[in-house]
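Asker: The amino acid sequence is not available; the structure is as follows:
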């Protein structure tokens, strides 16, 4: 009888340990599952942020114009849900000045704010109530040269910032910005040979007309003397 009681107690202890181990396994599996869900959520948020935080590329065009005026556009190869951006633009203050800044293409009709911080440095900012998606021109700058002879200046875009609406959300997130610099060159307009030929022909025609008038006046004066 004592042996039976001992075996029964041993069996019950084994069953109890088995149930404890089973409970422990379930608890461990539950912890692993919770950690898996947490990792999956973080990965999803990271992917969403990564998709929303793709770098905005701002590229300055290079302009080469005859005369004292040149237009330079800031373009992007593509943007998605862009809600605002700003940058500073540096140029040679002894050669150029900016007389107008306006939104074009993707920003047509939108308010573009600009402020001259000092000669050769202008700050430009844009904010949009509706997210902007697409590629093309954003801003157009109208430059004018001080000298009719023109010249060349590097255009350096700095302190660029941008914000875009996060995917599946109404909140805005900061975007990294990649900038590509430009250059503007303005040269004195050279007269072509055809233009000079036109001016020469006009001068010769004017001279002949003057000579003809003088000849007629001289002849008329001679006739009057003969009649007297």
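Answerer: Received, thanks. What you see is a predicted model; the values in this text were computed from it and never measured.
Asker: Next secondary structure after the helix or strand of the chain with the lowest mean pLDDT?
Answerer: Ranking every helix and strand in the chain by mean pLDDT, DSSP states H and E puts helix 2-52 at the bottom, with a mean of 52. Once the chain leaves helix 2-52, the next helix or strand it forms, by DSSP states H and E, is strand 56-60.
Asker: Which segments of this structure make up each domain?
Answerer: Recorded structural domains for the chain (assignment: automatic domain parsing) are 1-52, 56-187.
Asker: Could you single out the most deeply buried of the ones you listed?
Answerer: domain 56-187 (a mean of 17; mean count of other CB atoms under 10 Å). Quick note: C-beta positions are derived from backbone N, CA and C, even for glycine.
Asker: Now stretch 94-106: average pLDDT?
Answerer: Average pLDDT, stretch 94-106: 93.
Asker: Residues touching that stretch, excluding its own?
Answerer: With contact meaning CB atoms under 8 Å, 6 or more residues apart in numbering, stretch 94-106 is reached by 73, 76, 79, 91, 109-112, 114, 116, 119-120, 122, 124, 126, 132, 134-147, 151-153, 184.
Asker: Repeat that for stretch 68-76.
Answerer: Stretch 68-76 is contacted from outside by 56-63, 104, 106, 135-145, 147-148, 150, 155, 157, 182, 184-186, using CB under 8 Å, 6+ apart.
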